[in-house]
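S.K.: Only the shape, not the letters, is given here:
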């Protein structure tokens, strides 16, 4: 998606350790107009799928997922990263290793909000090693529901998450795939 | 706001310890159409204010803030609850006591994303004792920016947060104010 790639080139900052900072428009400050353009594109990319629910994970995925959901006219469920006293009762739970925070979270979704008849589009901001997505896929499958597709804003194509997810036969669409990036020159090459 | 009050009466669940569970439509599963109605109402309530940015706090505030932001055509900044390797550099930081999680978070916002010229609407899902809001107000003021108003989905009127915030002279609007609720009878009285 050229609009997103252009924005990454304009405002993204490459840091050591394969970190791409896009917090000026994607995951700290959020450009809602950009999110709407992304939602329109996801709707086009997944137009052949019947989707009745969007699932994402806190915190960075929530804003994108909510704006994208308007284009599908469906509710959003976000997976939570820590047990809350407000989230009692039966939950699906899976451990997820976080690349960004260098630790393991227990990610949970109330069983009430994913049902066997659900056809789910999973939305997230980043795909790197795919741990978060594998966790969400596992939760959707535990519910007996169907993963219709996965929509990602930015995929780090030089990490293996995309390959792992696509090898499962899941329809994965990333709006920008970073093939390589160089923190010294600031160069970003898209696939 | 009658639409929200009716939804709380229909789908809200009262638990011991002053807990009102609205996770079927507000803060786990999210009803985006309801959020849009809330955004329209906030736009009406704050029509006399010039607002160029919405600030919220992860995670439950993000979805509402993003949908509400469309009605103001402004970006959203969400305060983060834990230090991340991706959020380096100068940050505003404030400790916030969480009623829901019964612990204290360090809440941070990058200094880049709140500037002295900003006129901020703060959005959050719940107002109880007001600790989270006081933290966000403190961060906005630390940046030299202006708090134009605060928009809350559900205020627990029997806790003192609303009184504290209003006594500061801040324009606070809660779409539903719960005056009292009874976990035994399931009764909810709105102000």
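M.R.: Happy to help now that I have it. Note that this is a predicted model, so its numbers are computed, not measured. Numbers count the residues shown, from 1 in each chain, chains lettered A, B, ... in the order given.
S.K.: so what's the most centrally placed residue in chain A bridging to?
M.R.: The centre of chain A sits closest to residue A:124, judged by Cα atoms, centre = their mean, with a distance of 1.2 Å. According to DSSP bridges, the residues that bridge with residue A:124 are residue A:152.
S.K.: Can you give me the neighbour number for residue A:49?
M.R.: 15 (other Cβ atoms under 10 Å in any protein chain shown). Bear in mind the C-beta positions are built from the backbone N, C-alpha and C, glycine included.
S.K.: So it: helix, strand or coil?
M.R.: coil (DSSP: H, G, I helix; E, B strand; the rest coil).
S.K.: how close does it get to residue A:43?
M.R.: Residue A:49 sits 10 Å away from residue A:43 when distances are taken as Cβ to Cβ, to the nearest Å.
S.K.: Could you find the closest non-adjacent residue to residue A:57?
M.R.: Setting aside the residues directly before and after it, residue A:57 is nearest to residue A:79 in space (Cβ to Cβ, 6 or more residues apart in numbering or on different chains), at 4.4 Å.
S.K.: And for residue A:38?
M.R.: Computed as Cβ to Cβ, 6+ apart, the closest residue to residue A:38 that is not its neighbour in sequence is residue A:175, at 5.9 Å.
S.K.: now residue A:182
M.R.: residue A:14 (6.8 Å).
S.K.: what's the neighbour count on the one you found?
M.R.: 18.
S.K.: What ranges does chain A have for its helices?
M.R.: With DSSP state H, the ranges of helices along chain A come out as A:2-11, A:32-45, A:60-72, A:131-142, A:161-167.
S.K.: thought the residue nearest to residue A:38 was touching residue A:126?
M.R.: No. If you go by Cβ atoms under 8 Å, residue A:175 and residue A:126 don't touch, sitting 11.4 Å apart.
S.K.: between these two, what contacts are shared?
M.R.: A:152, A:153, A:154 (Cβ atoms under 8 Å, 6 or more residues apart in numbering or on different chains).
S.K.: Relative to chain B, how far out is the first one?
M.R.: This means residue A:152. Noted for residue A:152: a distance of 17 Å to chain B, by Cβ to the nearest Cβ, to the nearest Å.
S.K.: Over to residue A:121?
M.R.: 13 Å.
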